[in-house]
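Task: produce atomic coordinates for the following.
(one chain, ligands or ions: 2)
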Amino acid sequence: MEIQILGAHSIEAKGLRLASFLVDGILALDAGGLTSSLSLAEQQQVRAILLTHHHFDHTRDLVTFGASGAAFPDPVDVYALSESLDIVSSCLLDGRMYVDFSTWPSEEKPFLRLRAVEPLQTLIVEGYEVSPVTVRHSVPAVGYQVTSSDGKSLFYTGDTGPGLSACWERISPQLLLIEVSGLNDLGHFLKSVGHLSAQLLKDELAQFRQTKGYLPRVVAVHLPPQYQEQVEQEVRDAARQLGITIDIGYEGMKIIL
Ligand SMILES: [Zn+2]
Ligand SMILES: [Zn+2]
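Ligands and ions are numbered 1, 2, ... in the order given. This next block holds a predicted model:
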């Protein structure tokens, strides 16, 4: 399994993109930075998109990807909670701001096929076993465990605050892509809006190890560029306290499992 980080940040700027990840070139996790990071030929290889929640920084390239799809012969499946799909449909693909690619070029054969998922209802997507697991964000949100046919697996949290013990019980990944959205000093605020600081991450990882008896490789994503250096230092401190390494995700990073 090859995981490519397309977007590793919570804010977009030159060289920095919003949350987006690509598994083996065909399965996308979130769509914050899908089109700006892939050639048209690479976009055409994408067969399915898993959305963690409806927030704009995780979904907005559905629109630009839909526009690219005018050149593609095959439809693409978009998976998300029904609550997320409702908002994506009514706000992002509303047919007023731009084209509703979930009904284009026709209602019968649209380019984007919206498919609802339910927490803990495992499904097969393009040969991968996909398990949506509830996480703790400010809006309904799931993380996804994605397992390939040869047994390699990752878990991507999307946006989440602390309190993930029930989530940890449900997953056993070799790789954990997990968010760190702000500084330790802002921990109370981050918790209140469903995000993690490095310190909060440390507590969640300690809980993971206690629950599962191991820790997977950990890569921090959804970083705030305005505090990049400080957050990296705080993540390193948290890793040292846990006695592990935590990698900092970046645009273009490739991970092989
Ligand atoms: Zn969010
Ligand atoms: Zn976000």
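
my guess is L200 contacts T160, does it?
No - the pair L200 and T160 does not pass the contact test of Cβ atoms under 8 Å, sitting 9.8 Å apart. (Glycine included, C-beta is placed from N, CA and C.)

So which of those two has more stuff around it?
It is T160, of L200 and T160, that has more neighbours when counted by other Cβ atoms under 10 Å, with 27 against 24.

number of nearby residues for D237?
Around D237 sit 15 other residues, with neighbours defined as other Cβ under 10 Å.

Now do the contacts for it.
With contacts defined as Cβ atoms under 8 Å, 6 or more residues apart in numbering, the neighbours of D237 are A198.

Make 18 the starting number, not 1.
Sounds good: first residue 18 from here, last item D254.

For ligand 1, what's the nearest residue on the stretch 118-267 of the chain?
Taking Cβ to the ion as the measure, the stretch 118-267 of the chain has D176 as its residue closest to ligand 1, at 3.6 Å.

how about the residue lying closest to that residue once chain neighbours are set aside, phi and psi?
Nearest-residue entry for D176: H154, 4.6 Å, with adjacent residues in sequence omitted and distances by Cβ to Cβ, 6 or more residues apart in numbering. Backbone dihedrals for H154, given as degrees, to the nearest 10, come out at phi -110, psi -180.

so what's H154 scoring on pLDDT?
Looking at H154, its pLDDT is 98.

so what's it up against?
Remark: with contacts taken as Cβ under 8 Å, 6+ apart, H154 is in contact with 70, 175-178, 211-212.

On the strand side of things, show who the nearest residue to D41 once chain neighbours are set aside bridges to.
The spatially closest residue to D41, leaving aside those adjacent along the chain, is E19, at 5.5 Å (Cβ to Cβ, 6+ apart). The partner list for E19 in beta bridges (DSSP bridges) reads I273.

neighbours of the residue in the stretch 168-274 of the chain positioned nearest to ligand 2, just the number please.
Nearest residue of the stretch 168-274 of the chain to ligand 2, counting by Cβ to the ion: D176, 4.4 Å away. Each residue near D176 was counted by other Cβ under 10 Å, and the total is 26.

which residues of the stretch 118-267 of the chain fall in strands?
With DSSP state E, counting those that start in this stretch as the definition, the stretch 118-267 of the chain shows strands at residue ranges 129-134, 140-142, 145-151, 159-164, 170-173, 192-196, 234-238, 263-265.

looking just at contacts, which helices and strands does the last one meet?
Under the contact criterion of 3 or more Cβ pairs under 8 Å, 6 or more residues apart in numbering; DSSP states H and E, strand 263-265 touches strand 234-238, helix 245-259.

residues from the stretch 68-217 of the chain in reach of ligand 1?
72, 176 (Cβ under 5 Å from the ion).

Get me the contact residues on the stretch 68-217 of the chain for ligand 2.
When proximity is defined by Cβ under 5 Å from the ion, the stretch 68-217 of the chain lies next to ligand 2 at 74, 176.

residue ranges with poor pLDDT in the stretch 68-217 of the chain?
Segments of the stretch 68-217 of the chain classed as low confidence (criterion: pLDDT under 70) are not present in this model.

picking up where we left off before, ok, the residue of the stretch 118-267 of the chain closest to ligand 1 - contacts?
So D176 contacts 36, 69-70, 72, 75, 152, 154-155, 158, 196, 198, 211-212, 239 (Cβ under 8 Å, 6+ apart).

Identify the farthest-apart pair in these.
When these are compared pair by pair using Cβ to Cβ, the two farthest from each other are A36 and S155, 15.1 Å apart.
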